[in-house]
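Participant: take this sequence and fold it.
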Amino acid sequence: MSSPKPTKISVLGMGMSATVFHIPFIKTLPNLFELHSILERSATATKSEARSRYGNHIKVVTTIEEVLNDPDVQAVVSILQAGKHVIIEKPLTPSVAEADELVQIAKSHSPPLIIATYQNRRFDSDFLTLAKLIYTGALGDISSFETRYDRWRPQLKGGGTWKEQAGKGQGVVYDLGSHLVDQILVLFGLPDRIFGYIYNSRKLGPDDFDDAFFSTFFYDNVPGSNVPLVVHLHGSPLSAVEPQLRYSVKGTKGSFVKYGIDPQEDQLKLDPPMSTSDPAFGVEAEPQAGILTIAQSDGTMKSERVISEHGRYLSWYENVGEALQERDPSKLYVKPEQAREVIHMVELMYESSRSGKVLQVPKA
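Facilitator: Numbering: from 1, shown residues only. From the prediction side, this is the model:
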């Protein structure tokens, strides 16, 4: 029996997301993907950033219609139209209603189209490390979980990025907050109640532009745990701390504290970028290791550094490539229904921020 052919994929755009988080992994997995074409609206016959960066053999198109009408294109980063599978940046959509619509469109095809949401932070070195500590019971039952994406950025970056615009689907909660929410849902499922406070901490840009957030997820009962859990999610651009706190987690046996962030994004931004096949790719520096503290029977504390697991965004693309070849959405690590729940939690965070109330989380 012959091996499945690589999925022919088209990438829409040449922004940072495409060039840093998608194309390097597509090119690393030739058994699963063939980079068929790139949409670059400003390209001409003689000038193209895509051709300059990836070679003249790359097909460059300037309109979305060329992608959608091309019968050779099987999957697209990132649109769901014309019977194409879709690889889409997080968050899946700005609203739950739109997410539900996309899922229904995908399911209306036979076999169903695949919607793969790029929640790459599930494969951060520090998150993989923390998840392993929790799943193996090293910390006991988790009672307090603090997760942060803070930075020191007292001024706007500028350039018109959506991350600094006001309105639904814009701002820091949709950008960074959606990663934190996804990780929490992976570990603990849906909370019972949510509180959110989302605001413009620097008073820069539009009045309703949010650049900071604080949210609390309340769990009365976590499966397998005997204690309630409170999760705090934070994001701020006014954190003059080096290194930044990433996690502070406390349980009935001990705690884990981690500073600094996974290295993969910075490695991909190097000039030239670090190859995703480099043995050092995704390996966090040992001094950045988190501290595990375990309470001893005599009441003393014993602490040790825990070297981070190997971060591996490539795992996400390997999984998606296999699901595409088998035409089986059930094989996805990040299912569209899970991505939909992230948006649901984000919407509740905004609703709580507007009302000032703790909100009950509806569950099926």
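
Participant: and the strands in the stretch 101-250 of the chain?
Facilitator: Ranges of strands within the stretch 101-250 of the chain are 115-118, 142-150, 193-199, 212-219, 229-236, 245-251, based on DSSP state E, counting those that start in this stretch.

Participant: turn the ones you listed into TSV, columns for mean pLDDT, distance to residue 283 and mean neighbour count.
Facilitator: Just so you know, the C-beta spots here come from the backbone N, C-alpha and C atoms, and that holds for glycine as well. Formatted as TSV, the strands of the stretch 101-250 of the chain follow (pLDDT from 0 to 100; distance: least, Cβ to Cβ, whole Å; neighbours: other Cβ atoms under 10 Å):
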stretch	mean pLDDT	distance to residue 283	mean neighbour count
strand 115-118	94	22	26
strand 142-150	98	21	21
strand 193-199	98	35	20
strand 212-219	98	31	22
strand 229-236	98	26	21
strand 245-251	98	17	20
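
Participant: and the ones you listed as TSV, adding distance to residue 18?
Facilitator: Below are the strands of the stretch 101-250 of the chain laid out as TSV (distance: least, Cβ to Cβ, whole Å):
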stretch	distance to residue 18
strand 115-118	11
strand 142-150	22
strand 193-199	28
strand 212-219	27
strand 229-236	24
strand 245-251	26
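
Participant: quick check: which of those strands is nearest to residue 354?
Facilitator: Each of those has some distance to residue 354 by Cβ to Cβ; the shortest is strand 193-199, at 8.7 Å.

Participant: can you list the strands that the closest one pairs with?
Facilitator: strand 212-219 (antiparallel), strand 359-360 (antiparallel) (DSSP bridges).

Participant: got the angle between it and strand 229-236?
Facilitator: 10 degrees (axes from the mean of the first three to the mean of the last three Cα atoms, to 10 degrees).

Participant: mind listing residues that contact strand 193-199?
Facilitator: Contact partners of strand 193-199, identified using Cβ atoms under 8 Å, 6 or more residues apart in numbering, comprise 171, 173, 210-218, 345, 348-353, 357-361.

Participant: quick one on the thing from earlier: can you redo the strands paired with strand 193-199 as CSV with distance to residue 91?
Facilitator: CSV is the format used below for those (distance: least, Cβ to Cβ, whole Å):
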stretch, distance to residue 91
strand 212-219, 14
strand 359-360, 19
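
Participant: between those strands, which gets nearest to residue 330?
Facilitator: The nearest among these, by Cβ to Cβ, is strand 212-219 at 27.1 Å.

Participant: any idea how far that closest one is from the chain center?
Facilitator: 18 Å (Cα atoms, centre = their mean, to the nearest Å).

Participant: any chance you could map the helices in the protein?
Facilitator: Along the chain, counting by DSSP state H, helices occupy 16, 23-28, 49-54, 64-68, 96-107, 125-135, 171-172, 178-188, 264-268, 314-326, 336-355.

Participant: surely residue 351 touches residue 360?
Facilitator: No: assessed by Cβ atoms under 8 Å, residue 351 is found out of contact with residue 360, at 11.2 Å.

Participant: quick check: beta-bridge partners of the residue lying closest to residue 350 once chain neighbours are set aside?
Facilitator: Nearest residue to residue 350, sequence neighbours excluded (Cβ to Cβ, 6 or more residues apart in numbering): residue 198, at 6.2 Å. Legend: beta-bridge partners of residue 198 under DSSP bridges are residue 213.
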